[in-house]
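> I need the structure of the sequence given here:
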Amino acid sequence: FRPEFLNRIDEIVMFEGLGREKLASIVDIQLEGLRKRLADRGITLQLTDDAKVVVGEEGYDPQFGARPLKRAIQRLIQDPLSKKILSGEVRDGDTVIVDAGHEGQLVFRSAHDSVTV
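The predicted model follows:
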């Protein structure tokens, strides 16, 4: 590099690639916004470790890291949960537990029933 360029650099920050082992914690961070919106209705959202793995695997791209994770959360959790709220399967005050079912499908359980998505 030319000295003029190097003189303008204040600091160097090294980034490591995102590994799959960190995805579960990133899933939790990304879900906080959804959990806050659900809390306004008294609905609690919990994901099992297996469900976090499924969401993390769907939302991981070696090239882009966790960027696709928001869309995976929307497609796998937010959209199906919204439909369940609108249909009355999930009601205000419920606790919804999301678990991994067969073949990578997510299972939503509430106080009322268990439905595979």
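> check contacts around the residue most central in space within the chain.
In the chain, the residue lying closest to the centroid (C-alpha atoms, centre = their mean) is Val27, at 3.8 Å. Neighbouring residues of Val27 by C-beta atoms under 8 Å, 6 or more residues apart in numbering: 47, 52, 55-56, 59, 69, 73. Yep, even glycine has a C-beta here, placed from its N, CA and C like the rest.
> between those, which has the most around it?
The residue in the contacts of Val27 with the most neighbours, by other C-beta atoms under 10 Å, is Val55 (26 neighbours).
> what helix or strand does it sit in?
Under the criterion of DSSP states H and E, Val55 resides in helix 49-58.
> list of residues touching that helix?
20, 23-24, 26-28, 47, 69, 72-73, 75-77, 98-100, 104, 106.
> list the buried ones in it?
Going by neighbour count (16 or more other C-beta atoms under 10 Å), the buried part of helix 49-58 is 51-56, 58.
> average model confidence for it?
Averaging pLDDT along helix 49-58 gives 92.
> just the CA atoms of that helix, as CSV, please.
Extracted C-alpha coordinates of helix 49-58, given in CSV (Å, rounded to 0.1, in the frame of the first residue of the first chain):
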residue,chain,number,x,y,z
ASP,A,49,-32.1,-26.3,20.9
ASP,A,50,-33.1,-28.7,18.1
ALA,A,51,-35.3,-26.0,16.6
LYS,A,52,-32.5,-23.5,16.8
VAL,A,53,-30.3,-25.9,14.9
VAL,A,54,-33.0,-26.3,12.1
VAL,A,55,-33.4,-22.5,11.8
GLY,A,56,-29.7,-21.9,11.9
GLU,A,57,-29.0,-24.5,9.2
GLU,A,58,-31.7,-23.0,7.0
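> quick check: next helix or strand after that helix?
With DSSP H and E, the next secondary element past helix 49-58 is helix 69-73.
> thinking again about what came up before, okay, buried residues for the one helix or strand the residue nearest to the centre of the chain maps to please.
Taking DSSP H and E as the criterion, Val27 maps to helix 23-39. For helix 23-39, burial by neighbour count (16+ other C-beta under 10 Å) applies to 23, 26-27, 30-31, 34, 38.
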